[in-house]
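>>> have a look at this prediction, sequence included:
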Amino acid sequence: MELRERKTQATLKEKITDHYRNRDFSPQKKDVGKLGVMFFWGMTISLFFEAQFVLIPYLYSGWHMIGMILLAFFTLFGTFINWMGMFTGSTGNVDKDSMKKHFPDATETPKGWKFCPTCQVDAPPRSFHCSHCNACILKRDHHCFFSNSCIGFYNQRFFILYIVYMVWGNIWALYLQITYLSEVYPLDSYFELFSFFPAVTIVQFLLGKLAMLNAILMIHIALCAICLCAALFFLFFETILMFKGMTSYESQRTGPIYDQGILNNIRSVFGPVKTIPLQIICPLFPVDQQNDGCIWENTRIKSH
């Protein structure tokens, strides 16, 4: 009897086979976000250690080296805090209490609000459902690839400051990398500039014509240049949207229908304008946005 029962039990090999046979290997939205997070951390950590243990000690000495090391820690701290502000900070998920707080006696969806059948809540103006987060987000701007989280009312300031640190960090990294390579691997002709293309770099390394450290630096230069161009574009785009009081969704569909003037639009994101320099230096600086992301005045209707 015991032998018959053992024969009917699946072996470990059969369980593993069934697991992978029934598994869905099609790309999922959440997996794309994970790649962005991995890329961010891979680039950030590798650039930090590269600067700390290779570039700065080679290029500087004495107090200059100490200053550069502290600057590297400051850049890492600001980048990390702003990224965490996007990743774990409150984006402003819409819940059932959002409507009750402003319309305690309402029995139907208030004017300008909309019912989300997925979340089963009444969502305020400017909020939209994110299929990645599976939630309605207050003043949803977009879903960030590098943090795998939505950028909304409460964490938009972290996103903009994160871009500022990305611009600064990549410019500084490129300066250190190019200065170092110009000394240890000087180019004899313009033709050798092709060595900085990742595919050419890898081939030269495999052929033994390029040291591993120099090859890594050249690949980092290409990646930093791409990240810098992307960061500059997003910084310009987000600044324009903030000045006009729009989200990326509204810029393509409705236009600036909630424009309260440049200063008020900035306050809606950063709080008092005079605190912005402090927020750049210390992203943990508390702010008062003077709003909860639920009530917005349609200035286009008001003007008519």
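That came through fine. Numbering: from 1, shown residues only.
>>> secondary structure element for the residue found closest to Leu71 once you drop the neighbours it is linked to in the chain?
The spatially closest residue to Leu71, leaving aside those adjacent along the chain, is Trp172, at 7.7 Å (C-beta to C-beta, 6 or more residues apart in numbering). C-betas here are computed from N, CA, C, even on glycine. Secondary-structure element containing Trp172, defined by DSSP states H and E: helix 156-184.
>>> list the buried residues of the helix or strand just after that helix.
Downstream of helix 156-184, the first helix or strand assigned by DSSP H and E is helix 198-206. For helix 198-206, burial by neighbour count (16 or more other C-beta atoms under 10 Å) applies to 201, 204-205.
>>> with stretch 51-66 instead?
Those would be 51, 54-56, 59, for stretch 51-66 by 16+ other C-beta under 10 Å.
>>> try stretch 203-220
Buried residues in stretch 203-220, defined by neighbour count with 16+ other C-beta under 10 Å: 204-205, 210, 214-220.
>>> over to stretch 66-84?
For stretch 66-84, the neighbour count (16+ other C-beta under 10 Å) marks 68, 72, 75-76, 78-83 as buried.
>>> could the C-alpha coordinates of that stretch be exported in CSV?
C-alpha atoms of stretch 66-84 as CSV (Å, rounded to 0.1, in the frame of the first residue of the first chain):
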residue,chain,number,x,y,z
ILE,A,66,38.9,65.1,0.6
GLY,A,67,36.6,67.8,-0.9
MET,A,68,35.9,65.7,-3.9
ILE,A,69,35.1,62.7,-1.8
LEU,A,70,32.7,64.7,0.3
LEU,A,71,31.1,66.0,-2.9
ALA,A,72,30.7,62.4,-4.1
PHE,A,73,28.9,61.5,-0.9
PHE,A,74,26.7,64.6,-1.1
THR,A,75,25.7,63.7,-4.7
LEU,A,76,25.0,60.1,-3.7
PHE,A,77,22.9,61.2,-0.7
GLY,A,78,20.8,63.7,-2.7
THR,A,79,20.2,61.2,-5.5
PHE,A,80,19.3,58.4,-3.1
ILE,A,81,16.9,60.5,-0.9
ASN,A,82,15.1,61.9,-4.0
TRP,A,83,14.8,58.4,-5.5
MET,A,84,13.4,57.1,-2.2
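>>> what's the nearest residue to Lys114 if we skip its chain neighbours?
Going by C-beta to C-beta, 6+ apart, Lys114 has Ala123 as its nearest residue, at 5.5 Å.
>>> got phi/psi on the one you found?
In terms of degrees, to the nearest 10, the main-chain angles of Ala123 are phi -100, psi 140.
>>> isn't Phe153 up against Gly293?
Yes - using C-beta atoms under 8 Å, Phe153 is in contact with Gly293, at 3.5 Å.
>>> tell me the gap between the helix holding Trp172 and the middle of its chain.
Centre-to-centre, helix 156-184 and its host chain are 15 Å apart (C-alpha atoms, centre = their mean, to the nearest Å).
>>> next, the buried residues of it.
Under 16+ other C-beta under 10 Å, the buried positions of helix 156-184 are 156-170, 172-174, 176-177, 180-181.
>>> contacts for stretch 285-294?
The contact list for stretch 285-294 (C-beta atoms under 8 Å, 6 or more residues apart in numbering) reads 92, 98, 101-102, 124, 126-127, 138-139, 152-154, 157, 267-272, 275, 278-279.
>>> cutoff 10 Å now
With contact meaning C-beta atoms under 10 Å, 6 or more residues apart in numbering, stretch 285-294 is reached by 90-92, 94, 98-99, 101-103, 110, 113, 123-127, 137-140, 152-154, 156-157, 264, 267-272, 275-279.
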